[in-house]
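Chemist: prediction below, plus the sequence it came from.
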Amino acid sequence: MNRDRPLYIDPHIHMTARTTYDYLIMRESGVVAVIEPAFWLGQPRTHVGTFQDYFSSLVGWERFRASQFGIQHYCTIGINPKEANNEALAEVVMELLPLYVCKEGVVAIGEIGYDDQTPVEDKYFRLQLELAKELDMLVLIHTPHRNKKAGTSRSMDVCIEHGLDPARVVIDHNNEETVREVLDRGFWAAFTIYPQTKMGNSRMVEIVKQYGCDRIIVDSSADWGISDPLAVPKTAQLMLDRGIPATHVRAVCYENALAAYSQSGQMQETDWLAVNAIDQRQIFNGNSVLRGQEPTVESSRECILIE
């Protein structure tokens, strides 16, 4: 691990929807760890088995695939609010969650919250908050794209109502309308750099200039849409170019995500600072990341010669 170059964490990215090449360019750009929240597929799941296989891949294959490029992969497990509206299916999936949320690499329950802010979404949001409280787990909140300010306030109200500590809850997809209240109430405020819809790089620079770096987190939420898996390092560079102190950039693009999610006990900086050498000859359940290519095999970069 090159300790001189900047290190980045992307604490919200849907790598299942990305190519293996993205892992390669992310590692080359300094990304050392990612967190992948459970997400929807773009079309509705229709059977509980599809959730089971998906959750299994988040704690299995995807962790392996990331490791083949020197990136540590973590995830959050939960019922996305968009899918909570299928109540018959959500009820069964709720029974699955305790089987997965305590597995290695799971740092929070999420992403949960509101989409259209329906009564059914509210029901399963609250049930998952209670599960997080019972298991003493962190929570990742998805704030709605429509009626965002009201939905964000409501999400925090419900978290407080259920007795969650704001310091153990990450509120994501913030913007200029929501950031002040989120910070004032003691929650972590995450911002998604996503083309044309959520936050742009320039707007993120202005947020950090105005509010500083305390409890602010930058992520990409890159998925199967028009999105950028290098959004975090690109935003970091733009911040530096526009005069944001390097200490603030490091905080919002690395340290704060680590501070928030290390509370889970599942994520520590030593996970990647003392990373094992890459050996792409390894396989997972009989499969590798290669399709006929020559495997990359790195010798240990921190070996000690004993004579």
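Modeler: Nice, I can see it.
Chemist: neighbours of H142, how many?
Modeler: The burial metric for H142, expressed as a neighbour count using other C-beta atoms under 10 Å, is 25. For glycine as for every other residue, the C-beta is placed from the backbone atoms N, C-alpha and C.
Chemist: show me where the stretch 1-150 of the chain has its strands.
Modeler: Secondary structure of the stretch 1-150 of the chain (DSSP state E, counting those that start in this stretch): strands located at 8-10, 31-37, 72-77, 106-113, 139-142.
Chemist: what strands flank the fourth one, and is each parallel or antiparallel?
Modeler: Which is strand 106-113. In the sheet containing strand 106-113, its partner strands are strand 72-77 (parallel), strand 139-142 (parallel), by DSSP bridges.
Chemist: which of those strands is buried the deepest?
Modeler: Comparing the strands paired with strand 106-113 by mean neighbour count (mean count of other C-beta atoms under 10 Å), strand 139-142 comes out on top with a mean of 28.
Chemist: roughly how far does S202 sit from A108?
Modeler: Counting by C-beta to C-beta, to the nearest Å, the gap between S202 and A108 amounts to 29 Å.
Chemist: which of the helices or strands spans V170?
Modeler: Secondary-structure element containing V170, defined by DSSP states H and E: strand 169-172.
Chemist: send over that strand as CSV, restricted to the C-alpha atoms.
Modeler: Backbone C-alpha positions of strand 169-172 (Å, rounded to 0.1, in the frame of the first residue of the first chain) are rendered in CSV as follows:
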residue,chain,number,x,y,z
VAL,A,169,-27.3,6.8,11.7
VAL,A,170,-26.1,8.0,8.3
ILE,A,171,-28.6,10.1,6.3
ASP,A,172,-27.8,9.8,2.6
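Chemist: list the contacts of it.
Modeler: Contacts with strand 169-172, where a contact means C-beta atoms under 8 Å, 6 or more residues apart in numbering, come from 11-12, 108, 110-111, 138-143, 152, 155-156, 159, 178, 182, 187-192, 217, 219, 221, 260-261.
Chemist: go again using 7 Å as the cut-off
Modeler: When contacts are taken as C-beta atoms under 7 Å, 6 or more residues apart in numbering, the neighbours of strand 169-172 outside the stretch itself are 12, 111, 139-143, 152, 155-156, 159, 182, 187-190, 192, 217, 260.
Chemist: and that strand, how far out from the chain's middle?
Modeler: Shown here is strand 169-172, whose average C-alpha point lies 10 Å from the average C-alpha point of the whole chain (C-alpha atoms, centre = their mean, to the nearest Å).
Chemist: downstream of that strand, the next helix or strand is which one?
Modeler: Heading C-terminal from strand 169-172, the first helix or strand you meet, by DSSP H and E, is helix 179-184.
Chemist: for whatever helix or strand comes next after that next one, buried residues please.
Modeler: Tracing the chain C-terminally past helix 179-184 and defining elements by DSSP H and E, one meets strand 188-192 next. Neighbour-count burial for strand 188-192 flags 188-192 (criterion: 16 or more other C-beta atoms under 10 Å).
Chemist: just put the residues you listed in CSV and tack on distance to V169 and pLDDT.
Modeler: Output for those, formatted as CSV (distance: C-beta to C-beta, whole Å; pLDDT from 0 to 100):
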residue, distance to V169, pLDDT
W188, 7, 98
A189, 11, 98
A190, 11, 98
F191, 16, 97
T192, 17, 95
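Chemist: tell me the one of the residues you listed nearest V252?
Modeler: Closest approach between the buried residues of strand 188-192 and V252, by C-beta to C-beta: F191, at 8.4 Å.
Chemist: for the closest one, list each beta-bridge partner.
Modeler: Listed beta-bridge partners, F191: V218 (assigned using DSSP bridges).
Chemist: how about the strands of the stretch 201-307 of the chain, start to end?
Modeler: According to DSSP E, counting those that start in this stretch, the strands that the stretch 201-307 of the chain contains are 216-219.
Chemist: where do the helices sit along it?
Modeler: Residue ranges of the helices in the stretch 201-307 of the chain, as given by DSSP state H, counting those that start in this stretch, are 201-211, 231-241, 246-250, 256-261, 270-273.
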